[in-house]
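>>> return a 3D structure for these sequence lines:
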Amino acid sequence: MRMGMQIINAENVSMRFNMATEKIDNVKEYFVKKIKGCISYDTLWALKNVNFQMEAGESVGLVGLNGSGKSTFLKILAGVLKPTEGNVKVSGSVAPLIELGAGFDMDLTAKENIWLNGAILGYNRSVMREHYDAIVEFSGLYDFMDTPLKNFSSGMLARLAFSIMTFRTPDLLIVDEVLSVGDFVFKEKCRERIEELRKQGTAILLVSHSVGEVREICSRAVWLEKGVVQMDGPCMEVTEEYVKRGER
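Below is the predicted model of the structure:
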């Protein structure tokens, strides 16, 4: 996709969750109370009127404390959740690294999961055969291809997931805290790969609790607090204000 083309256009996006106000211990109790109309809910707005646009080749960091709505917004962009209000348009192919292990079958081997994830991403077997060796090489997991993923560490899972999601050039790469696990050497490889993809036109959307990491990778940042965009602009300016707020 050409530089400057719009990848994400989110307009007035809001997300509401209904949270039960009382503890329900089992499914039977839930249905009995539901039939009797005895279940009450509190309304939680995880996102409120979020407007967000992003172009090909941009690198944007999403910052905010736990519970600020970051993960909810990423899941909406990835198509996992549908917003309660507003419209979202994402153009092109999406490589979502949102939850470690998502899309994997932990009882299958690493090799089998490469083929499985290739199918999930819409690639045929000839494409996967062509790129299989490169995926394994980038992950550095040569000796573990026949090992079930249930025996993998979180760092090894991150290696495999990142290698699969980035072996081609997606239009949008969403990275949510995946770079927080694993060793320093692999993190550097990931940063280099991310920059290569960005130069080829991939839009990079990064969520990280590390302000330093956001500053290294991103040129723009968006600060979310309690589901509301507090600031959207140059990365250094936004992160400085975000850090100041945390120090108060």
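
>>> residue boundaries of the helices in the chain?
27-36, 70-77, 110-120, 125-139, 154-165, 184-199, 211-217, 235-247 (DSSP state H).

>>> could you tell me the least trusted of these?
Of all the helices of the chain, helix 27-36 carries the lowest average pLDDT, namely a mean of 58.

>>> spit out the contact partners of the most centrally placed residue in the chain.
For the chain, the residue nearest the mean C-alpha position is Ile98 (3.0 Å; CA atoms, centre = their mean). Contact analysis of Ile98 by CB atoms under 8 Å, 6 or more residues apart in numbering lists 71, 74-75, 78, 80, 174, 176. No exception for glycine: its C-beta is placed from N, CA and C like everyone else's.

>>> what number of residues lie near Ile135?
Look at Ile135: counted by other CB atoms under 10 Å, it has 22 neighbours.

>>> who's in contact with it?
By CB under 8 Å, 6+ apart, the contact set of Ile135 is 114, 163-164, 167.

>>> neighbour-wise, give me the winner out of those.
Neighbour tally across the contacts of Ile135 (other CB under 10 Å): the maximum, 27 neighbours, falls on Ile164.

>>> out of everything not next to it in sequence, what's closest to that one?
For Ile164, ignoring the flanking residues on the chain, the nearest one in space by CB to CB, 6 or more residues apart in numbering is Asn117 at 4.9 Å.

>>> Asp183 and His131: what is the separation?
As for Asp183, its distance to His131 is 24 Å (criterion: CB to CB, to the nearest Å).

>>> those two: who's more crowded?
The residue with more neighbours, out of Asp183 and His131, is His131; 18 against 12, by other CB under 10 Å.

>>> how much space is there between that one and Gly61?
28 Å.

>>> cool, and Val88?
Counting by CB to CB, the gap from Val88 to Gly61 is 19 Å.

>>> now do Val94
Counting by CB to CB, the gap from Val94 to Gly61 is 18 Å.

>>> for Asp232, same thing?
Distance from Asp232 to Gly61, by CB to CB: 11 Å.

>>> now for these two: what residues contact both?
Common neighbours of Asp232 and Gly61 (CB under 8 Å, 6+ apart) are 220-222.

>>> mark which of these are buried, thanks.
220-222 (16 or more other CB atoms under 10 Å).

>>> between those residues, which is nearest Ile8?
Proximity of those to Ile8 (CB to CB) peaks at Val222, which lies at 11.2 Å.

>>> I'd say the closest one and Ser68 touch.
No: the criterion here is CB atoms under 8 Å, and Val222 misses it with Ser68 at 10.6 Å.

>>> hmm, back to that, comparing Val94 and Gly61, which residue is more hemmed in?
Set Val94 next to Gly61 and count neighbours by other CB under 10 Å: Gly61 wins out with 27 against 20.

>>> can you tell me which residues contact the more buried one?
Contacts of Gly61 (CB under 8 Å, 6+ apart): 206-208, 214-215, 217-218, 220-222, 235, 239.

>>> pLDDT score for the residue nearest to the centre of the chain?
81.

>>> Pro83 reaches Met15, doesn't it?
Yes: contact criterion CB under 8 Å: Pro83 and Met15 qualify, at 5.4 Å.

>>> alright, that wraps it up for me.
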